[in-house]
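Trainee: turn this into a model:
(one chain, ligands or ions: 1)
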Amino acid sequence: MQKYTFPKDFIWGVATAAYQIEGAHNVDGKGENIWDRFTSIPGNIYKNHNGNVACNHYNLYEKDIEIMEELGIKNYRLSISWARIFPKGYGEINQKGLDYYKRLINTLISKGIKPAVTLYHWDLPQHLQDMGGWANRKVIDYFVEYAELMFKEFGDVVPIWITHNEPWVVSILGHAWGVHAPGIKDYKTALQVAHNILLSHGKVVKLYRSMNLKGKIGITLNLSSTHPLTDDEKDVRAAEVYDGFLNRWFLDAVLKGTYPEDMVKLYREQNILPEYTDEDMSIISEKIDFLGINYYTRSVLKYDENAYPLKASLVDLENPKTDMGWEIYPQGLYELLTNIHHNYGGVDILITENGAAFNDIVNYKGKVVDDYRIDYLYRHLREAHRAISEGVNLRGYYLWSFLDNFEWAEGYAKRFGIVFVDYKTQQRIVKESAYWYSNVIKNNSLCE
Ligand SMILES: OC[C@H]1NNC[C@@H](O)[C@@H]1O
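Mentor: You can find the predicted model right below:
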(Lines give C-alpha, C1' and ligand atoms only; values in the text may rest on other atoms or scores of the structure.)
Protein backbone atom coordinates (compact mmCIF):
# COMPACT_ATOMS: atom_id res chain seq x y z
CA MET A 1 0.00 0.00 0.00
CA GLN A 2 1.43 3.36 -1.06
CA LYS A 3 2.02 5.82 1.79
CA TYR A 4 2.75 9.51 1.24
CA THR A 5 4.48 11.00 4.30
CA PHE A 6 4.68 14.79 4.67
CA PRO A 7 7.59 16.80 6.22
CA LYS A 8 7.63 16.43 9.99
CA ASP A 9 6.69 20.06 10.73
CA PHE A 10 4.01 20.29 8.02
CA ILE A 11 1.06 22.47 9.08
CA TRP A 12 -2.31 20.68 8.87
CA GLY A 13 -5.25 23.00 9.41
CA VAL A 14 -8.80 23.99 8.62
CA ALA A 15 -10.13 27.37 7.45
CA THR A 16 -13.20 29.56 7.80
CA ALA A 17 -14.07 33.26 7.49
CA ALA A 18 -15.95 35.59 9.80
CA TYR A 19 -18.93 36.59 7.66
CA GLN A 20 -19.49 33.01 6.54
CA ILE A 21 -19.82 31.44 10.00
CA GLU A 22 -20.20 34.00 12.82
CA GLY A 23 -23.73 35.37 12.46
CA ALA A 24 -24.46 37.98 15.18
CA HIS A 25 -24.41 40.52 12.33
CA ASN A 26 -25.70 43.39 14.47
CA VAL A 27 -24.82 42.23 17.98
CA ASP A 28 -22.52 43.73 20.64
CA GLY A 29 -21.80 46.92 18.75
CA LYS A 30 -20.70 45.43 15.42
CA GLY A 31 -21.03 47.92 12.55
CA GLU A 32 -22.72 47.13 9.23
CA ASN A 33 -20.44 45.71 6.56
CA ILE A 34 -20.83 45.50 2.79
CA TRP A 35 -22.09 41.91 2.96
CA ASP A 36 -24.77 42.84 5.49
CA ARG A 37 -25.86 45.46 2.98
CA PHE A 38 -25.44 43.37 -0.20
CA THR A 39 -27.40 40.41 1.20
CA SER A 40 -30.22 42.71 2.32
CA ILE A 41 -30.93 43.59 -1.32
CA PRO A 42 -33.36 41.02 -2.81
CA GLY A 43 -32.02 39.10 -5.78
CA ASN A 44 -28.33 39.34 -4.91
CA ILE A 45 -28.07 36.01 -3.10
CA TYR A 46 -29.54 32.55 -3.70
CA LYS A 47 -33.03 32.56 -2.09
CA ASN A 48 -32.00 35.87 -0.45
CA HIS A 49 -29.91 34.03 2.13
CA ASN A 50 -27.70 36.17 4.40
CA GLY A 51 -25.09 35.89 7.13
CA ASN A 52 -27.25 37.32 9.90
CA VAL A 53 -27.15 33.97 11.79
CA ALA A 54 -24.95 31.71 9.59
CA CYS A 55 -23.45 28.99 11.84
CA ASN A 56 -23.94 31.16 14.95
CA HIS A 57 -20.24 30.67 15.57
CA TYR A 58 -20.19 33.94 17.52
CA ASN A 59 -22.08 32.10 20.27
CA LEU A 60 -21.06 28.50 19.53
CA TYR A 61 -17.30 28.96 19.05
CA GLU A 62 -16.42 27.00 22.20
CA LYS A 63 -18.40 23.97 20.96
CA ASP A 64 -16.81 24.26 17.53
CA ILE A 65 -13.33 24.43 19.03
CA GLU A 66 -14.13 21.30 21.09
CA ILE A 67 -14.86 19.48 17.81
CA MET A 68 -11.51 20.66 16.41
CA GLU A 69 -9.80 19.37 19.55
CA GLU A 70 -11.56 15.98 19.31
CA LEU A 71 -10.39 15.70 15.70
CA GLY A 72 -6.80 16.54 16.64
CA ILE A 73 -6.81 19.71 14.53
CA LYS A 74 -3.86 21.89 15.62
CA ASN A 75 -4.10 24.83 13.20
CA TYR A 76 -7.09 27.01 12.45
CA ARG A 77 -7.31 29.79 9.86
CA LEU A 78 -9.98 32.35 10.81
CA SER A 79 -10.73 35.91 9.80
CA ILE A 80 -11.52 38.94 11.92
CA SER A 81 -14.58 41.05 11.11
CA TRP A 82 -13.22 44.60 10.70
CA ALA A 83 -16.62 46.15 11.51
CA ARG A 84 -16.77 44.24 14.81
CA ILE A 85 -13.60 46.05 15.85
CA PHE A 86 -14.15 49.46 14.19
CA PRO A 87 -17.91 49.82 13.52
CA LYS A 88 -17.18 52.76 11.22
CA GLY A 89 -13.98 51.26 9.88
CA TYR A 90 -11.74 53.62 11.88
CA GLY A 91 -11.64 55.72 15.05
CA GLU A 92 -13.89 54.43 17.82
CA ILE A 93 -13.09 50.87 18.94
CA ASN A 94 -15.90 48.45 19.83
CA GLN A 95 -14.57 46.79 22.99
CA LYS A 96 -17.16 43.98 22.90
CA GLY A 97 -16.01 43.06 19.42
CA LEU A 98 -12.38 43.05 20.50
CA ASP A 99 -13.30 40.97 23.57
CA TYR A 100 -14.97 38.34 21.37
CA TYR A 101 -11.78 37.78 19.40
CA LYS A 102 -9.74 37.74 22.61
CA ARG A 103 -12.00 34.95 23.94
CA LEU A 104 -11.88 33.09 20.63
CA ILE A 105 -8.11 33.27 20.18
CA ASN A 106 -7.36 32.55 23.85
CA THR A 107 -9.64 29.49 23.74
CA LEU A 108 -7.83 28.19 20.66
CA ILE A 109 -4.44 28.66 22.27
CA SER A 110 -5.58 27.06 25.53
CA LYS A 111 -6.47 23.96 23.48
CA GLY A 112 -3.13 23.91 21.68
CA ILE A 113 -4.64 25.13 18.39
CA LYS A 114 -2.52 27.70 16.54
CA PRO A 115 -4.54 30.52 14.93
CA ALA A 116 -3.74 31.87 11.47
CA VAL A 117 -5.57 35.18 11.20
CA THR A 118 -6.83 36.74 7.97
CA LEU A 119 -7.27 40.47 8.47
CA TYR A 120 -9.55 40.99 5.46
CA HIS A 121 -11.89 38.33 4.12
CA TRP A 122 -14.20 40.58 2.09
CA ASP A 123 -16.29 42.20 4.86
CA LEU A 124 -15.48 45.92 4.49
CA PRO A 125 -17.28 48.23 6.96
CA GLN A 126 -20.17 49.80 5.05
CA HIS A 127 -19.19 53.27 6.27
CA LEU A 128 -15.96 52.94 4.28
CA GLN A 129 -17.86 51.77 1.21
CA ASP A 130 -19.99 54.87 1.56
CA MET A 131 -16.80 56.91 0.99
CA GLY A 132 -15.81 54.88 -2.08
CA GLY A 133 -14.54 51.69 -0.51
CA TRP A 134 -11.30 50.19 -1.77
CA ALA A 135 -11.42 52.48 -4.83
CA ASN A 136 -10.60 55.33 -2.40
CA ARG A 137 -6.91 55.31 -1.42
CA LYS A 138 -7.90 56.75 1.99
CA VAL A 139 -9.30 53.33 2.93
CA ILE A 140 -5.74 52.01 2.77
CA ASP A 141 -4.85 54.15 5.79
CA TYR A 142 -7.89 52.86 7.70
CA PHE A 143 -6.84 49.28 6.94
CA VAL A 144 -3.38 50.02 8.34
CA GLU A 145 -4.98 51.51 11.50
CA TYR A 146 -7.11 48.34 11.89
CA ALA A 147 -4.11 46.06 11.31
CA GLU A 148 -1.99 47.97 13.82
CA LEU A 149 -4.59 47.44 16.55
CA MET A 150 -4.80 43.72 15.69
CA PHE A 151 -1.02 43.38 15.83
CA LYS A 152 -0.93 45.20 19.18
CA GLU A 153 -3.70 43.02 20.62
CA PHE A 154 -2.77 39.64 19.13
CA GLY A 155 0.70 39.98 17.60
CA ASP A 156 2.38 38.09 20.43
CA VAL A 157 0.03 35.07 20.28
CA VAL A 158 -0.90 34.73 16.59
CA PRO A 159 1.99 33.12 14.68
CA ILE A 160 0.56 33.45 11.15
CA TRP A 161 -1.05 36.55 9.61
CA ILE A 162 -2.70 36.88 6.21
CA THR A 163 -3.31 40.47 5.12
CA HIS A 164 -5.94 39.78 2.44
CA ASN A 165 -7.94 36.86 1.11
CA GLU A 166 -8.20 36.68 -2.68
CA PRO A 167 -7.85 40.31 -3.89
CA TRP A 168 -8.82 39.11 -7.38
CA VAL A 169 -12.24 37.99 -6.13
CA VAL A 170 -12.76 41.21 -4.16
CA SER A 171 -11.91 43.34 -7.19
CA ILE A 172 -13.39 41.34 -10.10
CA LEU A 173 -16.46 39.65 -8.58
CA GLY A 174 -17.20 42.69 -6.37
CA HIS A 175 -16.34 45.54 -8.75
CA ALA A 176 -16.33 44.23 -12.35
CA TRP A 177 -18.89 41.43 -12.50
CA GLY A 178 -21.00 42.78 -9.62
CA VAL A 179 -21.94 39.35 -8.24
CA HIS A 180 -20.26 40.00 -4.88
CA ALA A 181 -20.47 42.97 -2.51
CA PRO A 182 -20.52 45.89 -3.17
CA GLY A 183 -22.04 44.89 -6.56
CA ILE A 184 -20.19 47.34 -8.82
CA LYS A 185 -19.73 46.56 -12.54
CA ASP A 186 -16.76 48.57 -13.82
CA TYR A 187 -13.38 47.10 -14.80
CA LYS A 188 -11.42 50.33 -14.30
CA THR A 189 -12.76 50.61 -10.76
CA ALA A 190 -12.08 46.91 -10.20
CA LEU A 191 -8.42 47.18 -11.19
CA GLN A 192 -7.95 50.29 -9.07
CA VAL A 193 -9.49 48.37 -6.15
CA ALA A 194 -7.07 45.49 -6.78
CA HIS A 195 -4.15 47.90 -6.77
CA ASN A 196 -5.23 49.68 -3.59
CA ILE A 197 -5.76 46.35 -1.82
CA LEU A 198 -2.28 45.23 -2.83
CA LEU A 199 -0.86 48.57 -1.65
CA SER A 200 -2.63 48.15 1.70
CA HIS A 201 -1.11 44.66 1.90
CA GLY A 202 2.41 46.03 1.43
CA LYS A 203 1.91 48.80 3.97
CA VAL A 204 0.68 46.32 6.56
CA VAL A 205 3.63 44.00 5.95
CA LYS A 206 5.99 46.96 6.50
CA LEU A 207 4.06 47.84 9.68
CA TYR A 208 4.35 44.24 10.90
CA ARG A 209 8.12 44.30 10.33
CA SER A 210 8.44 47.63 12.20
CA MET A 211 6.76 46.12 15.28
CA ASN A 212 9.40 43.37 15.57
CA LEU A 213 6.75 40.67 15.91
CA LYS A 214 7.91 37.07 15.83
CA GLY A 215 5.31 35.50 13.54
CA LYS A 216 5.01 35.18 9.78
CA ILE A 217 2.96 37.33 7.44
CA GLY A 218 1.77 36.81 3.88
CA ILE A 219 -1.15 37.22 1.52
CA THR A 220 -3.61 34.69 0.09
CA LEU A 221 -4.26 34.62 -3.66
CA ASN A 222 -6.84 32.50 -5.47
CA LEU A 223 -4.91 30.90 -8.30
CA SER A 224 -5.73 28.47 -11.04
CA SER A 225 -3.61 26.65 -13.61
CA THR A 226 -4.78 27.84 -17.04
CA HIS A 227 -5.03 25.66 -20.19
CA PRO A 228 -6.02 26.50 -23.79
CA LEU A 229 -8.99 24.54 -25.14
CA THR A 230 -6.98 23.69 -28.27
CA ASP A 231 -3.41 24.28 -29.43
CA ASP A 232 -4.70 26.93 -31.84
CA GLU A 233 -2.56 30.03 -31.24
CA LYS A 234 -5.64 32.12 -30.46
CA ASP A 235 -6.69 29.73 -27.69
CA VAL A 236 -3.11 29.58 -26.43
CA ARG A 237 -3.02 33.40 -26.23
CA ALA A 238 -6.42 33.40 -24.51
CA ALA A 239 -5.04 31.11 -21.79
CA GLU A 240 -1.96 33.32 -21.40
CA VAL A 241 -4.10 36.45 -21.06
CA TYR A 242 -6.37 34.80 -18.50
CA ASP A 243 -3.29 33.60 -16.60
CA GLY A 244 -2.17 37.24 -16.55
CA PHE A 245 -5.61 38.45 -15.47
CA LEU A 246 -6.06 35.92 -12.65
CA ASN A 247 -2.57 34.85 -11.56
CA ARG A 248 0.38 36.88 -12.85
CA TRP A 249 -1.09 40.34 -12.17
CA PHE A 250 -1.04 39.58 -8.44
CA LEU A 251 1.95 37.23 -8.24
CA ASP A 252 4.26 39.60 -10.15
CA ALA A 253 3.15 42.62 -8.11
CA VAL A 254 3.62 40.94 -4.72
CA LEU A 255 6.71 38.87 -5.49
CA LYS A 256 8.49 40.90 -8.20
CA GLY A 257 7.27 44.49 -7.63
CA THR A 258 6.00 44.91 -11.20
CA TYR A 259 2.80 44.35 -13.11
CA PRO A 260 3.24 41.97 -16.08
CA GLU A 261 3.98 44.00 -19.22
CA ASP A 262 1.57 42.12 -21.50
CA MET A 263 -1.33 42.87 -19.14
CA VAL A 264 -0.28 46.52 -18.59
CA LYS A 265 -0.37 46.92 -22.40
CA LEU A 266 -3.77 45.23 -22.69
CA TYR A 267 -5.30 47.22 -19.83
CA ARG A 268 -3.87 50.50 -21.18
CA GLU A 269 -5.38 49.73 -24.61
CA GLN A 270 -8.72 49.02 -22.94
CA ASN A 271 -8.41 52.21 -20.84
CA ILE A 272 -8.82 50.26 -17.59
CA LEU A 273 -5.22 50.45 -16.32
CA PRO A 274 -5.19 51.61 -12.68
CA GLU A 275 -3.20 54.64 -11.49
CA TYR A 276 -0.04 53.65 -9.66
CA THR A 277 3.52 54.72 -8.96
CA ASP A 278 6.88 53.00 -8.75
CA GLU A 279 6.81 53.70 -5.01
CA ASP A 280 3.49 51.84 -4.79
CA MET A 281 5.06 48.81 -6.45
CA SER A 282 8.02 48.90 -4.10
CA ILE A 283 5.68 48.89 -1.10
CA ILE A 284 3.45 46.13 -2.57
CA SER A 285 6.46 43.86 -2.98
CA GLU A 286 7.68 44.22 0.61
CA LYS A 287 9.09 40.75 1.31
CA ILE A 288 6.55 38.27 2.66
CA ASP A 289 7.26 35.15 4.74
CA PHE A 290 4.89 32.95 2.71
CA LEU A 291 2.49 33.04 -0.19
CA GLY A 292 -0.99 31.70 0.61
CA ILE A 293 -2.62 29.84 -2.28
CA ASN A 294 -6.31 28.98 -2.58
CA TYR A 295 -6.73 26.29 -5.23
CA TYR A 296 -10.01 24.68 -6.27
CA THR A 297 -9.87 23.97 -9.99
CA ARG A 298 -8.10 24.73 -13.24
CA SER A 299 -9.28 27.19 -15.94
CA VAL A 300 -9.72 26.16 -19.58
CA LEU A 301 -9.82 29.05 -22.06
CA LYS A 302 -10.81 29.66 -25.65
CA TYR A 303 -10.44 32.74 -27.84
CA ASP A 304 -13.66 34.77 -27.90
CA GLU A 305 -13.76 37.90 -30.07
CA ASN A 306 -16.70 39.25 -28.06
CA ALA A 307 -15.38 38.61 -24.57
CA TYR A 308 -14.57 41.96 -22.89
CA PRO A 309 -11.89 42.92 -21.95
CA LEU A 310 -9.71 39.83 -22.50
CA LYS A 311 -11.12 38.21 -25.67
CA ALA A 312 -10.91 35.00 -23.67
CA SER A 313 -13.76 32.86 -22.35
CA LEU A 314 -13.80 30.07 -19.80
CA VAL A 315 -14.88 26.71 -21.22
CA ASP A 316 -17.15 24.35 -19.27
CA LEU A 317 -15.91 20.83 -20.02
CA GLU A 318 -17.97 17.66 -19.49
CA ASN A 319 -15.60 16.39 -16.76
CA PRO A 320 -16.32 15.39 -13.12
CA LYS A 321 -17.22 18.48 -11.13
CA THR A 322 -17.95 19.57 -7.57
CA ASP A 323 -21.33 21.05 -6.56
CA MET A 324 -19.96 24.46 -7.53
CA GLY A 325 -19.63 23.27 -11.12
CA TRP A 326 -15.85 23.39 -10.79
CA GLU A 327 -13.94 20.67 -12.63
CA ILE A 328 -12.12 18.27 -10.31
CA TYR A 329 -8.54 18.65 -11.59
CA PRO A 330 -6.00 17.73 -8.89
CA GLN A 331 -2.97 17.88 -11.19
CA GLY A 332 -3.67 21.58 -11.58
CA LEU A 333 -2.50 22.02 -8.00
CA TYR A 334 0.81 20.33 -8.81
CA GLU A 335 1.21 22.50 -11.93
CA LEU A 336 0.51 25.66 -9.94
CA LEU A 337 2.86 24.79 -7.08
CA THR A 338 5.76 23.88 -9.36
CA ASN A 339 5.23 26.90 -11.65
CA ILE A 340 5.26 29.26 -8.68
CA HIS A 341 8.28 27.53 -7.18
CA HIS A 342 10.29 27.92 -10.39
CA ASN A 343 9.03 31.36 -11.46
CA TYR A 344 8.91 33.15 -8.11
CA GLY A 345 12.14 32.30 -6.36
CA GLY A 346 11.07 29.28 -4.35
CA VAL A 347 8.87 31.33 -2.02
CA ASP A 348 7.47 29.43 0.96
CA ILE A 349 3.88 28.41 0.25
CA LEU A 350 0.87 27.64 2.42
CA ILE A 351 -2.21 26.17 0.79
CA THR A 352 -4.63 28.40 2.70
CA GLU A 353 -7.70 26.86 1.05
CA ASN A 354 -8.51 23.68 -0.83
CA GLY A 355 -11.72 21.69 -0.57
CA ALA A 356 -14.98 20.89 -2.29
CA ALA A 357 -18.69 21.51 -2.12
CA PHE A 358 -20.89 18.48 -2.55
CA ASN A 359 -24.61 17.93 -2.01
CA ASP A 360 -24.21 16.19 1.34
CA ILE A 361 -27.09 14.32 2.92
CA VAL A 362 -27.54 12.98 6.45
CA ASN A 363 -28.26 9.26 6.16
CA TYR A 364 -30.73 7.17 8.19
CA LYS A 365 -28.01 6.61 10.81
CA GLY A 366 -27.54 10.36 11.20
CA LYS A 367 -24.17 10.25 9.44
CA VAL A 368 -22.71 12.09 6.41
CA VAL A 369 -20.73 9.58 4.40
CA ASP A 370 -18.95 12.00 2.09
CA ASP A 371 -16.53 9.62 0.31
CA TYR A 372 -16.61 11.97 -2.71
CA ARG A 373 -15.07 14.74 -0.58
CA ILE A 374 -12.46 12.31 0.80
CA ASP A 375 -11.62 11.39 -2.80
CA TYR A 376 -11.23 15.07 -3.77
CA LEU A 377 -9.03 15.80 -0.74
CA TYR A 378 -6.95 12.66 -1.20
CA ARG A 379 -6.22 13.40 -4.88
CA HIS A 380 -5.24 17.03 -4.17
CA LEU A 381 -3.05 16.14 -1.19
CA ARG A 382 -1.30 13.53 -3.30
CA GLU A 383 -0.47 16.25 -5.85
CA ALA A 384 0.74 18.49 -3.01
CA HIS A 385 2.99 15.66 -1.81
CA ARG A 386 4.29 15.22 -5.37
CA ALA A 387 5.23 18.91 -5.48
CA ILE A 388 7.00 18.71 -2.11
CA SER A 389 8.93 15.63 -3.27
CA GLU A 390 10.15 17.73 -6.22
CA GLY A 391 11.45 20.48 -3.93
CA VAL A 392 8.52 22.91 -3.65
CA ASN A 393 8.60 24.73 -0.29
CA LEU A 394 5.05 23.85 0.62
CA ARG A 395 4.78 24.33 4.39
CA GLY A 396 1.14 23.62 5.12
CA TYR A 397 -2.45 22.95 4.10
CA TYR A 398 -5.66 24.52 5.46
CA LEU A 399 -8.74 22.61 4.35
CA TRP A 400 -11.73 24.69 3.21
CA SER A 401 -13.81 24.43 5.22
CA PHE A 402 -14.17 23.34 8.84
CA LEU A 403 -17.94 24.05 8.84
CA ASP A 404 -20.60 24.17 6.14
CA ASN A 405 -21.17 27.91 5.84
CA PHE A 406 -22.52 30.89 3.87
CA GLU A 407 -21.06 30.48 0.39
CA TRP A 408 -21.47 34.11 -0.73
CA ALA A 409 -23.75 34.44 -3.78
CA GLU A 410 -24.72 30.77 -3.41
CA GLY A 411 -25.93 31.27 0.15
CA TYR A 412 -26.23 28.03 2.15
CA ALA A 413 -26.86 25.92 -0.94
CA LYS A 414 -23.24 24.79 -1.16
CA ARG A 415 -21.67 22.70 1.58
CA PHE A 416 -17.85 22.84 1.81
CA GLY A 417 -17.52 21.72 5.41
CA ILE A 418 -16.03 18.59 6.90
CA VAL A 419 -18.56 19.27 9.66
CA PHE A 420 -22.21 19.36 8.57
CA VAL A 421 -24.34 22.24 9.89
CA ASP A 422 -28.11 21.86 10.21
CA TYR A 423 -29.04 25.53 9.83
CA LYS A 424 -32.49 24.98 11.37
CA THR A 425 -31.16 23.54 14.62
CA GLN A 426 -27.50 24.62 14.46
CA GLN A 427 -26.64 20.99 15.17
CA ARG A 428 -23.16 19.95 14.02
CA ILE A 429 -22.57 16.48 12.47
CA VAL A 430 -18.94 15.48 11.97
CA LYS A 431 -18.70 14.10 8.42
CA GLU A 432 -16.68 11.00 7.50
CA SER A 433 -14.20 13.30 5.72
CA ALA A 434 -13.41 14.93 9.07
CA TYR A 435 -12.49 11.56 10.61
CA TRP A 436 -10.43 10.77 7.52
CA TYR A 437 -8.63 14.13 7.78
CA SER A 438 -8.09 13.59 11.51
CA ASN A 439 -6.17 10.41 10.61
CA VAL A 440 -4.12 12.22 7.96
CA ILE A 441 -3.13 14.76 10.62
CA LYS A 442 -2.35 12.11 13.22
CA ASN A 443 -0.21 10.08 10.80
CA ASN A 444 1.15 13.09 8.93
CA SER A 445 0.63 11.01 5.84
CA LEU A 446 -1.79 9.84 3.17
CA CYS A 447 -2.50 6.16 2.73
CA GLU A 448 -4.05 4.69 -0.43
O1 LIG B 1 -15.67 29.22 -2.80
C2 LIG B 1 -15.11 28.57 -1.70
C3 LIG B 1 -14.22 29.55 -0.95
N4 LIG B 1 -13.26 30.15 -1.87
N5 LIG B 1 -12.36 31.06 -1.28
C6 LIG B 1 -12.96 32.08 -0.42
C7 LIG B 1 -14.00 31.49 0.54
O8 LIG B 1 -14.61 32.53 1.27
C9 LIG B 1 -15.00 30.67 -0.25
O10 LIG B 1 -16.01 30.15 0.60
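
Trainee: how many neighbours does the residue nearest to residue 250 when sequence neighbours are not counted have?
Mentor: If you skip the residues right next to it in sequence, residue 250 has residue 221 as its closest partner in space, 5.1 Å away by CB to CB, 6 or more residues apart in numbering. C-beta: built from backbone N, CA, C; applies to glycine. Around residue 221 sit 24 other residues, with neighbours defined as other CB atoms under 10 Å.

Trainee: return the residues in contact with residue 221.
Mentor: Contacts here follow CB atoms under 8 Å, 6 or more residues apart in numbering; on that basis residue 221 touches 166, 167, 168, 247, 250, 251, 254, 291, 292, 293, 294.

Trainee: over to the nearest residue to the second one once chain neighbours are set aside: give its phi and psi.
Mentor: Spatial nearest neighbour of residue 167, chain neighbours left out: residue 197 (4.4 Å); criterion: CB to CB, 6+ apart. According to degrees, to the nearest 10, the main-chain angles of residue 197 amount to phi -60, psi -50.

Trainee: for the ligand, give me its nearest residue in the stretch 1-150 of the chain.
Mentor: residue 17 (4.9 Å; CB to the nearest ligand atom).

Trainee: wait, that residue touches residue 165, no?
Mentor: Yes - using CB atoms under 8 Å as the test, residue 17 is close enough to residue 165 to be in contact (6.9 Å).

Trainee: what's next to the helix or strand that contains residue 119, contact-wise?
Mentor: Secondary structure from DSSP states H and E places residue 119 in strand 114-120. By CB under 8 Å, 6+ apart, the residues outside strand 114-120 that reach it are 13, 15, 17, 74-80, 82, 105, 108-109, 143, 146-147, 150, 154, 157-165, 197, 204, 220, 350, 352, 398.

Trainee: the ligand contacts on the stretch 301-448 of the chain?
Mentor: Proximity of the stretch 301-448 of the chain to the ligand is confined to 353, 400, 407, 416 under the rule CB under 6 Å from any ligand atom.

Trainee: distance of the third one relative to residue 337?
Mentor: In this structure, residue 407 and residue 337 are separated by 25 Å, where distance is defined by CB to CB, to the nearest Å.

Trainee: looking at those two, which one has more neighbours?
Mentor: Counted by other CB under 10 Å, residue 407 and residue 337 do not tie: residue 337 has more neighbours, with 25 against 20.

Trainee: ok, now which ones touch the residue nearest to residue 426 when sequence neighbours are not counted?
Mentor: With CB to CB, 6+ apart as the measure, residue 56 is the residue that lies nearest to residue 426, at 5.3 Å, once sequence neighbours are left out. Shown in contact with residue 56 (CB under 8 Å, 6+ apart): 22, 23, 24, 426.

Trainee: cool, residue 229 as well?
Mentor: Remark: with contacts taken as CB under 8 Å, 6+ apart, residue 229 is in contact with 235, 300, 301, 302, 315.

Trainee: of those, buried ones?
Mentor: Of all the contacts of residue 229 considered here, the ones buried according to neighbour count by 16 or more other CB atoms under 10 Å are 235, 300, 301, 302, 315.

Trainee: so which of these belong to strands?
Mentor: 300, 301, 302 (DSSP state E).

Trainee: what residues does the stretch 1-150 of the chain put near the ligand?
Mentor: Selection of the stretch 1-150 of the chain residues close to the ligand by CB under 6 Å from any ligand atom yields 17, 20.

Trainee: and if we set it to 5 Å?
Mentor: Proximity of the stretch 1-150 of the chain to the ligand is confined to residue 17 under the rule CB under 5 Å from any ligand atom.

Trainee: would you say residue 366 is within a helix?
Mentor: No - for residue 366, which was evaluated using DSSP: H, G, I helix; E, B strand; the rest coil, the result is coil, with no helix membership.

Trainee: from the ligand, how far out is it?
Mentor: Spatial separation of residue 366 from the ligand under the definition CB to the nearest ligand atom, to the nearest Å is 26 Å.

Trainee: quick check: closest non-adjacent residue to that residue.
Mentor: The spatially closest residue to residue 366, leaving aside those adjacent along the chain, is residue 429, at 6.8 Å (CB to CB, 6+ apart).

Trainee: ok, that neighbour - how many residues close by?
Mentor: When neighbours are counted by other CB under 10 Å, residue 429 registers 16.

Trainee: pull the contacting residues for it.
Mentor: Neighbour list for residue 429: 362, 366, 367, 368, 419, 420, 422 [criterion: CB under 8 Å, 6+ apart].

Trainee: so can I have JSON lines of those residues showing pLDDT and neighbour count?
Mentor: Converted to JSON lines, the contacts of residue 429 look like this (pLDDT from 0 to 100; neighbours: other CB atoms under 10 Å):
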{"residue": "362", "pLDDT": "98", "neighbour count": "14"}
{"residue": "366", "pLDDT": "98", "neighbour count": "9"}
{"residue": "367", "pLDDT": "98", "neighbour count": "14"}
{"residue": "368", "pLDDT": "98", "neighbour count": "23"}
{"residue": "419", "pLDDT": "99", "neighbour count": "23"}
{"residue": "420", "pLDDT": "99", "neighbour count": "21"}
{"residue": "422", "pLDDT": "98", "neighbour count": "11"}
